[in-house]
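Visitor: From the sequence below, what's the structure:
(2 chains)
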There are 2 protein chains.
Amino acid sequence: MRLSRYFLPVLKETPAEAQIVSHRLMLRAGMIKQASAGIYSWLPLGFRVLERIQQIVHEEQERAGHVPLLMPTLQSADLWRESGRYDAYGEEMLRIKDRGGRDLLFSPTAEELITDIFRSYVKSYKDLPLTLYQIQWKFRDEIRPRFGVMRGREFLMKDGYNFDLTKEAALHAYNRHLVSYLRTYERMGLKAIPMRADSGPIGGEDTHEFLVLAETGESEVFYDSAVTDLTFGDRVIDYDSVEECAGVLEEFTSRYARTDETHDPALFDAIPEERRRTARGIEVGQIFYFGTKYSEPLGATVQDAEGNKVPVHMGSHGIGVSRLLGALIEANHDDKGIIWPEGVTPFHCGIVNLKQGDAAADAACENLYDQLRTAGLEPLYDDRDERAGAKFATMDLIGLPWRITVGPRGLKNGVVELTSRRTGESEEMAPEAAVQRIVGIYRDHP
Amino acid sequence: MRLSRYFLPVLKETPAEAQIVSHRLMLRAGMIKQASAGIYSWLPLGFRVLERIQQIVHEEQERAGHVPLLMPTLQSADLWRESGRYDAYGEEMLRIKDRGGRDLLFSPTAEELITDIFRSYVKSYKDLPLTLYQIQWKFRDEIRPRFGVMRGREFLMKDGYNFDLTKEAALHAYNRHLVSYLRTYERMGLKAIPMRADSGPIGGEDTHEFLVLAETGESEVFYDSAVTDLTFGDRVIDYDSVEECAGVLEEFTSRYARTDETHDPALFDAIPEERRRTARGIEVGQIFYFGTKYSEPLGATVQDAEGNKVPVHMGSHGIGVSRLLGALIEANHDDKGIIWPEGVTPFHCGIVNLKQGDAAADAACENLYDQLRTAGLEPLYDDRDERAGAKFATMDLIGLPWRITVGPRGLKNGVVELTSRRTGESEEMAPEAAVQRIVGIYRDHP
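Guide: Residues are numbered from 1 along each chain as shown, chains lettered A, B, ... in the order given. A predicted model of the protein is given here:
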């Protein structure tokens, strides 16, 4: 993308309404614009990151064998009356009347609708196990929306639902989701710790929240510092293997890690003192097993091998897609701006032309731009007629992890400069070497 | 994808509520399920086609230099009061009150919000031209939703908006959109004819609708049969060239082609009789130039080169993404089911194992499956323990353009069968040759 043809409205001033750094930086970097309270437009740069995060979520869900579909944003109230949640949900549910006077609602979650889809088609245990998921806009009418996309009203969520014949099979689905979520967050460059949590309005027995440690987190968390050393890494896992998935659950959840809702001071105090930690965390996902809580009232049954009609065992599993942008920035920024992890960066690298209009510099930049695109990467080429300082400030603010700086002086010696946004370190090298280096970096971050 | 692990709830019965063939086939092929009147869930197969269509739309918009972003589904009524459309829009606008009593609405289109984004950031003619677009869910509270996704209430639309300094520049943007739309529909295997139309509630002077000819179309259309011979083909176009884009407009719109709203019998009768055609058409897109209709009331002005503040010239441009699935099926089906054009097919080919459990047949199918996936294609492998007739009926119903049939008898002679869904013709060949053939076909349909 050439910046002269892009729409990147960066702000020089820090917007007064933004209380936390991710909100400030998303506004300043021209990623979002508030449309009304808790409702945002995703400007081109923000939209690119949102798309990138969705792609990673889709890839990891499909790797785990889960099947994508898409449910509508507006749902009939009738289904929610069947489950009893229409009255129970409270004021956070946005209730709507259409022109015919029928009650609709803007979906805050979709247990009822997915269960209705399931019960309409699936009749036999032979069609199980089945996990369906979507990435769709949701609405929760928060009384005090704040912190930008971290606590917005209209938000993008991945919500998945497993249908299994037995509790054991459903718990395997639970574990499979835990594994897929660990992979998902790690690919984004995030450390998200699964913590025992409270089930809230979804209900259910087992639930873990995934929390990113950050000072601005809304939850107080208590954990054994040993959990922060765990990484999933590039191990290969068989998602069909009950043992392998259970092993990962055991490894990642056996140490103490809880939110304040489930905190048990006695257990916490049993941790060796030097490993006891209290911090704040941002919730970026949650998995639930709730058995037959929805399948019974909604009549989602299958015939088992003996011919008995039995309600299916279910769970639901969510990733806060739009709020992840906030969490990513809370965890990756400095005084100059955002520092995107390679896995989610909106552009793979920046190209800064120090002297737009200089024939050699222009040609070298065009060349780099073409070579990177030919290699399947998307650079952001700052081809504006601006002074170098302003170009650097913009690149630092929007946080592309790598920058290639091209100027007439370097080119005389056959070099450009490659700079890491994270470390600030620069290295001179031939343009071809810079391209090779960038290509190599992203080969490791597919 | 292995069918045994997919969710493809095909129906044997023809649903009584569906009046037109695309609606019937989408229900029977397990692509959609009605959630409430005019509101649909996109089951996995339907979701895949929806994604594929979005991808083509994005690629062609970005090729034309248009910049993607995403606006929220819910908008504040205030902006619509500024433009005067809040009261003018009528009952098709879904009006909502949030818990704080504020007026929201579910966006039926987004001229106001995009103009607000523009006016907040863009102050100089130097930042023009600019075209921003999104693909987002919209809602129109149709009093009689029908024909499945063809006239639904919640629907997915691509809506783009150009901002230009002068009328001439805005007309170039209009022409650029026409070119990009011609390419978009052709890539999907659709012949969509631009016809002079009426501007309706969007307003404006110039507008063309793109219509797909089909018996079930909602509009009566009148045209010179010469327009149906025009194809854009694989010509290369410079979207920055005013002349080239204007040339395409001239080529594709100079012959008579109008909807009933703008039909002029006198002009129509001037066409040689053997080329005069009356038919029905499905509207799949529309482009508008409306000048300063929104920029003036909303104060979207820029400084021109002389320092004068002038309102920008705008247009808006829409593609009915979800309704395209209906139009595609209306134009591509037979008695057995859907026939997807290669450009939009949910899976590139089907693999039918005639004898699941036969060691040779299973191994050959697995091999084909792996080879096609390694080549970057996504086959649908029917690995269920079903009789051949049922497998063929499912493949024919869901309409994958190519099918490879694998059975023990053929394998003894070293062959499988490759069948075209469209022609029904089959050819025996070695499995490797079938893979090569399929790979070659999709190389021509990127």
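Visitor: Pairing partners for whichever helix or strand residue A:418 is part of, with directions?
Guide: Following DSSP states H and E, one finds residue A:418 within strand A:416-420. Strands that pair with strand A:416-420, judged by DSSP bridges, come out as strand A:402-406 (antiparallel), strand A:426-429 (antiparallel).
Visitor: Show me the contact partners of the first one.
Guide: Translated: strand A:402-406. Counting by Cβ atoms under 8 Å, 6 or more residues apart in numbering or on different chains, strand A:402-406 makes contact with A:348-354, A:361, A:364-365, A:368, A:379, A:395, A:416-421, A:426, A:431, A:434, A:438, A:441, all of which sit outside it. Any C-beta I mention is one placed from the backbone N, CA and C, and that applies to glycine too.
Visitor: now do stretch A:428-446
Guide: Counting by Cβ under 8 Å, 6+ apart, residues outside stretch A:428-446 touching it are A:187, A:342-343, A:348-349, A:364, A:367-368, A:371-372, A:375, A:377, A:402, A:404, A:406, A:410, A:413-418.
Visitor: what is the rounded mean pLDDT of that stretch?
Guide: Summarised as a single mean, pLDDT over stretch A:428-446 is 93.
Visitor: And residue A:262, how far from residue A:174?
Guide: The spacing between residue A:262 and residue A:174, counted by Cβ to Cβ, to the nearest Å, is 17 Å.
Visitor: anything in the least confident helix or strand in chain A by mean pLDDT near chain B?
Guide: When the helices and strands of chain A are scored by mean pLDDT, DSSP states H and E, helix A:85-88 comes last with a mean of 92. No - on the criterion Cβ under 8 Å from any Cβ of the partner chain, helix A:85-88 is out of touch with chain B, staying 13.8 Å away.
Visitor: What would that helix look like as CSV? C-alpha coordinates only.
Guide: Provided in CSV are the C-alpha atoms of helix A:85-88 (Å, rounded to 0.1, in the frame of the first residue of the first chain):
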residue,chain,number,x,y,z
ARG,A,85,-33.0,-16.2,29.2
TYR,A,86,-35.2,-13.5,27.6
ASP,A,87,-36.4,-12.3,31.0
ALA,A,88,-33.3,-13.3,32.9
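Visitor: And it, what does it pack against?
Guide: In terms of contacts (3 or more Cβ pairs under 8 Å, 6 or more residues apart in numbering or on different chains; DSSP states H and E), helix A:85-88 is packed against helix A:77-83.
Visitor: Just the buried residues of the helix it packs on, please?
Guide: A:77, A:79-80, A:82-83 (16 or more other Cβ atoms under 10 Å in any protein chain shown).
Visitor: for that helix, packing partners?
Guide: helix A:85-88, strand A:103-106, helix A:111-121, helix A:295-298.
Visitor: Just the angle for the helix or strand just after the third one relative to strand B:130-139, thanks.
Guide: Sequence-wise, the next helix or strand beyond helix A:111-121 is strand A:130-139, with elements assigned using DSSP H and E. Angular relation of strand A:130-139 and strand B:130-139 on a 0 to 180 degree scale: 110 degrees, by axes from the mean of the first three to the mean of the last three Cα atoms, to 10 degrees.
Visitor: Are strand A:130-139 and chain B in contact anywhere?
Guide: Yes - taking Cβ under 8 Å from any Cβ as the criterion, strand A:130-139 and chain B are in contact, through A:130, A:132, A:137, A:139.
Visitor: packing partners for the longest strand anywhere in chain A?
Guide: Longest strand in chain A by number of residues (criterion: DSSP state E): strand A:276-289. If you count contacts as 3+ Cβ pairs under 8 Å, 6+ apart, strand A:276-289 packs onto helix A:167-187, strand A:192-196, strand A:206-213, strand A:219-224, strand A:313-320, helix A:321-331.
Visitor: could you check the angle strand A:219-224 makes with the third one?
Guide: For the pair strand A:206-213 and strand A:219-224, the angle between their directions (the same axes, to 10 degrees) equals 100 degrees.
Visitor: Give me the residues contacting strand A:206-213.
Guide: Counting by Cβ under 8 Å, 6+ apart, A:171, A:174, A:178, A:181, A:185, A:190-199, A:217, A:219, A:221, A:228, A:253, A:259, A:279-289, A:315, A:327, A:330-331 sit against strand A:206-213.
Visitor: Now do residue A:205, the pLDDT please.
Guide: pLDDT, residue A:205: 67.
Visitor: Flag the shaky bits of chain A, pLDDT-wise.
Guide: Chain A contains residues with pLDDT under 70 at A:199-205, A:446.
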